[in-house]
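Q: this one's sequence-less:
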C-alpha cells in the first residue's frame, strides 16, 4: 500500500512538473534564427504554434512581440510584451517597448504609466519628466447658424491647458464663453471646467470632473411713452426696458475606464444643477480599434438622463474614425435623443440651451501638421426643438482649433 501511494505521488508530481516546464530548446533556437533574419511572419507563425503546444517562456514572448512591432501591429505587440513582463517584471527591454506600444497606439494614460517605470537614464535620454505644469495647450472656436426667425447665430470659444502632475495623474482645465443674441434677448455664458485623471493601473483609469457655468440672460421689451410737448402737444418716445438676471450652475462627473488591448469599456455618471433643476446622467461606453493599416475605431455610448421622477430620457451616441491619409484622421458622429442638459466629452461640453437638440450628426478632421502640433476642424448639423410649440429648426456649426503639445 505504501509503495502504491508513493508511486501515485511520483506520477502526480511528474505530471505537474511536466505541465510547468514551458521552455523548449528547439523552439528557442528556431525563433531566434527567425529573429536574426528579420523573418517576422515565420517568427509569429512558429511562436503561435509553440504557444498552442504549451511552450511558453520570456524570450519567446519578446520575439513574437518584436515581430508584431516591426510589422506595425502595436496592439498585438503590447499584448505579447505584457505576457513577457509576467516572467520578469524588471526587464528593461520589455518595459521600453511597452512604452512605445502605448505611444504608437495613442493611449496617453497607458503611455504615461509606462514612462514612470522606465530607468532614469532612459527617461533623461527621451526627455521624460514626472511633472509638467504645462504639457499641452489647445484652443477651439465654434460658430453656429440657424434658420430660426427669432434666434440669432451663437458662437463658442474655449481655451484649455493640460498639466502632468505625475506619471499617473494629470489635470486638464479650460475656460470658455458662449454668446447668442436673439430677437428679444441675449445670452452670455462663461464657463470653467476641470478634469482630474488617475491611472490606477496600466489598464484602469478613474477621472473626476467639475464644470461651473454662469448664464447671464438679458431680455428687452419696447413700448411707447408720450411726453408733454410745446403748445399742448405730445411727443411719442420709444422706450426699451431691460431686465438682466444670472443663472449659475455646476456639474460633478466621474468615469471609470478599463482598456483591454484593442477594446475599452467605461462607466460614467454626473449630476448637474441648473435653473432649480437637478439632472442625473449615467452612461455605458465601449470602443474598439479594428485591425488594419487605417486603424479604424468605433465608439458607442448609451446614456440615461433623469431630471425628475417623471422625466427620463435615453440618448445613444455612435462615432467611427479612421486614418484616411498620412497624418490625417477623420471621425464621424451620430447622436440620437433629446440633449437638454446633456453633458458630453467627459463633462467638458454641457448642452443647456433653451432649445434642445433632438438629432445630431457631424464630421471632424485632425491633421498632425508637426509631431507636436495638431489642427482640427468640425462640421455639425443639429435639429433643434422649440418645446413651447413643438416645432423644429435646423442649425449648422463649424469649428476649428489647435492642439499644441509642449
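A: Looks like it arrived, so ask away. Only a predicted model underlies this, so the values are computations on that prediction, with no experimental measurement involved. Numbers count the residues shown, from 1 in each chain.
Q: Now do the helices in the stretch 101-250 of the chain.
A: 108-115, 120-126 (DSSP state H, counting those that start in this stretch).
Q: As a markdown table, those with mean neighbour count would be great.
A: The C-beta positions use only the backbone N, C-alpha and C, and glycine is treated the same way. Conversion of the helices of the stretch 101-250 of the chain to a markdown table gives the following (neighbours: other CB atoms under 10 Å):
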| stretch | mean neighbour count |
| --- | --- |
| helix 108-115 | 22 |
| helix 120-126 | 12 |
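Q: got CSV for those helices, with distance to residue 95 and mean pLDDT too?
A: Shown next, in CSV, are the helices of the stretch 101-250 of the chain (distance: least, CB to CB, whole Å; pLDDT from 0 to 100):
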stretch, distance to residue 95, mean pLDDT
helix 108-115, 7, 94
helix 120-126, 9, 91
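Q: What's the local residue count around residue 343?
A: 25 (other CB atoms under 10 Å).
Q: On the secondary structure side, give me the element for the nearest residue to residue 287 once chain neighbours are set aside.
A: Distance criterion CB to CB, 6 or more residues apart in numbering; nearest residue to residue 287, sequence neighbours excluded, is residue 299 at 4.1 Å. Assigned by DSSP states H and E, residue 299 falls within strand 297-308.
Q: for residue 30, same thing?
A: Using DSSP H and E, residue 30 falls in helix 25-37.
Q: and that helix, what does it pack onto?
A: The contact analysis (3 or more CB pairs under 8 Å, 6 or more residues apart in numbering; DSSP states H and E) places helix 25-37 against helix 40-52, helix 58-70.
Q: Swap in 6 Å and give it another go.
A: Packing contacts for helix 25-37, counted by 3 or more CB pairs under 6 Å, 6 or more residues apart in numbering; DSSP states H and E, involve helix 40-52.
Q: List the contacts of residue 328.
A: Listed by CB atoms under 6 Å, 6 or more residues apart in numbering, the contact partners of residue 328 are residue 367.
Q: Tell me the bridge partners for it.
A: residue 325, residue 367 (DSSP bridges).
Q: same thing with residue 188?
A: residue 179, residue 216.
Q: Quickly find the element holding the residue nearest to residue 374 when sequence neighbours are not counted.
A: Nearest residue to residue 374, sequence neighbours excluded (CB to CB, 6+ apart): residue 403, at 4.3 Å. For residue 403, the host element (DSSP H and E) is strand 391-405.
Q: Can you give me the buried ones in that strand?
A: 393, 395, 397, 399, 401, 403 (16 or more other CB atoms under 10 Å).
Q: Report all helices and strands that that strand contacts.
A: strand 132-146, strand 373-386.
Q: so can I have JSON lines of those strands showing distance to residue 112?
A: Shown next, in JSON lines, are those (distance: least, CB to CB, whole Å):
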{"stretch": "strand 132-146", "distance to residue 112": "10"}
{"stretch": "strand 373-386", "distance to residue 112": "18"}
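Q: Save these as JSON lines, and put in mean pLDDT, mean neighbour count and distance to residue 32 too.
A: As requested, those are exported to JSON lines (pLDDT from 0 to 100; neighbours: other CB atoms under 10 Å; distance: least, CB to CB, whole Å):
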{"stretch": "strand 132-146", "mean pLDDT": "95", "mean neighbour count": "16", "distance to residue 32": "40"}
{"stretch": "strand 373-386", "mean pLDDT": "95", "mean neighbour count": "17", "distance to residue 32": "41"}
